[in-house]
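Colleague: Structure of the sequence below:
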Amino acid sequence: MKLTGVPETLVMPLWARAAETAMPDGLIRDPRSIEMVESLDYDFSKFEGNWRLQLKVAIRTMLLDHAVQDFLSRHPAGHVVNIGAGLDTRFARLDNQLVRWFDLDVPETIALRRRFFQDSDRNRMIECSVFDDRWFEAIDYRGGPLLLIAEGVLPYFPEEQVKQLMEKLARTFPGAEMLLQTTTRLIVARNHRDANDKFKSAKLYWGVESGKELTAWKGIELLHDWVKGSFCRARWRGWWWWVSFPPFARYWHNRIVHIRFART
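Modeller: Residues are numbered from 1 along each chain as shown. Sure thing, here's the model as predicted:
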């Protein structure tokens, strides 16, 4: 497996989901992730013992799964676009037999994904950068219910690039909903200082302290804003006081933000 830069970061959530699934009382169940970890020629040992990474990914997976299920309960035959899909298994886990689902990622990542998944009538893979407008037409969107998911993708790009993308999405898909993971400015700064970072070619660049900051961009409405540290108290061990205390949580914790693009 030869991936570099941002595409290589897909191995972190893959390992974390597999490790969480292997626990008898794990927060999520994703057996396909275990199969992929066992079959890939990659040194996953670098993550062993990183229980906080495992927990953070498990909580974000749980939150996103619940939010996607809520969308599908309201719009069973809606469209879902999974941006930066990597080796995510969400369609296989949440398919309601009606949704039209698109997994979007760069060509080298989709090539790897095709080793484990196949296109079907309701699930297609699209080889395209999220910043390339050509995927807009590929999803054959005609104005119905649409949910965009950006899990662990956008913080790797500069704020101005993210802003331009989000405002373009708002213009192109008015009324659509989006779930995205954000990080904080302090974590971005620490990432650039950390000489031991596992992915030196994939640095973080964009962070916010609250989902409300996104509403300053044209056409964006905030629906929900979840701080991952607010969930699963027992699993945080002695870190609970740190992750739950609001002043610290604001600067140190990734969030799952649920937004809607305003109708024109």
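Colleague: quick one: the strands in the stretch 1-150 of the chain?
Modeller: Per DSSP state E, counting those that start in this stretch, the stretch 1-150 of the chain carries strands over the ranges 79-83, 100-105, 123-127, 146-150.
Colleague: who wins for proximity to Leu14 among those strands?
Modeller: Across the strands of the stretch 1-150 of the chain, Leu14 has its closest neighbour in strand 100-105 (13.2 Å, CB to CB). (Glycine included, C-beta is placed from N, CA and C.)
Colleague: how much does the closest one deviate in direction from strand 146-150?
Modeller: 30 degrees (axes from the mean of the first three to the mean of the last three CA atoms, to 10 degrees).
Colleague: So which other helices or strands are in contact with strand 100-105?
Modeller: strand 79-83, helix 107-113, strand 123-127, helix 134-138 (3 or more CB pairs under 8 Å, 6 or more residues apart in numbering; DSSP states H and E).
Colleague: okay, the strands of the stretch 1-150 of the chain in JSON lines with mean pLDDT next?
Modeller: Output for the strands of the stretch 1-150 of the chain, formatted as JSON lines (pLDDT from 0 to 100):
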{"stretch": "strand 79-83", "mean pLDDT": "98"}
{"stretch": "strand 100-105", "mean pLDDT": "97"}
{"stretch": "strand 123-127", "mean pLDDT": "97"}
{"stretch": "strand 146-150", "mean pLDDT": "98"}
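Colleague: quick one, helices of the stretch 1-150 of the chain?
Modeller: Remark: helices assigned in the stretch 1-150 of the chain by DSSP state H, counting those that start in this stretch are 11-21, 31-39, 51-74, 90-94, 107-113, 134-138.
Colleague: can you tell which of these is closest to Gly211?
Modeller: Closest among these, using CB to CB: helix 51-74, at 12.8 Å.
Colleague: got a list of what the nearest residue to Leu165 once chain neighbours are set aside touches?
Modeller: Once flanking residues are discounted, Leu165 sits nearest to Phe131: 6.0 Å by CB to CB, 6 or more residues apart in numbering. Shown in contact with Phe131 (CB atoms under 8 Å, 6 or more residues apart in numbering): 157, 161, 165.
Colleague: Against Leu55, how distant is Met23?
Modeller: For Met23, the distance to Leu55 equals 10 Å [CB to CB, to the nearest Å].
Colleague: quick one, which of the two is more surrounded?
Modeller: Neighbour tally, Met23 and Leu55, criterion other CB atoms under 10 Å: the higher count belongs to Leu55, 23 against 11.
Colleague: Pick the most deeply packed of the helices and strands packed on strand 100-105.
Modeller: Of all these, strand 79-83 has the most neighbours on average by mean count of other CB atoms under 10 Å, namely a mean of 24.
Colleague: Need the contact partners of that strand.
Modeller: 68, 71-72, 88, 90-91, 99-105, 130, 135, 139, 141, 144-151, 153.
Colleague: of these, buried ones?
Modeller: Among these, those buried by neighbour count (16 or more other CB atoms under 10 Å) are 68, 71-72, 88, 90-91, 99-105, 130, 135, 139, 141, 145-151, 153.
Colleague: still on that earlier bit, for the helices and strands packed on strand 100-105, which one sits closest to Lys46?
Modeller: Here helix 107-113 is closest among those (CB to CB), at 18.6 Å.
Colleague: Measure how far that closest one is from the centre of its chain, please.
Modeller: Helix 107-113 has its C-alpha centroid displaced from the chain centroid by 17 Å (CA atoms, centre = their mean, to the nearest Å).
Colleague: Show me what it is packed against.
Modeller: strand 100-105, strand 123-127.
Colleague: Alpha carbons of it, in PDB - could you do that?
Modeller: The C-alpha coordinates for helix 107-113 follow below in PDB (Å, rounded to 0.1, in the frame of the first residue of the first chain):
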ATOM      1  CA  PRO A 107      -7.800   8.400  -7.400                       C
ATOM      2  CA  GLU A 108      -5.100   6.700  -5.500                       C
ATOM      3  CA  THR A 109      -7.400   6.200  -2.500                       C
ATOM      4  CA  ILE A 110     -10.300   5.000  -4.600                       C
ATOM      5  CA  ALA A 111      -7.900   2.500  -6.300                       C
ATOM      6  CA  LEU A 112      -7.200   1.000  -2.800                       C
ATOM      7  CA  ARG A 113     -10.900   1.200  -1.900                       C
END
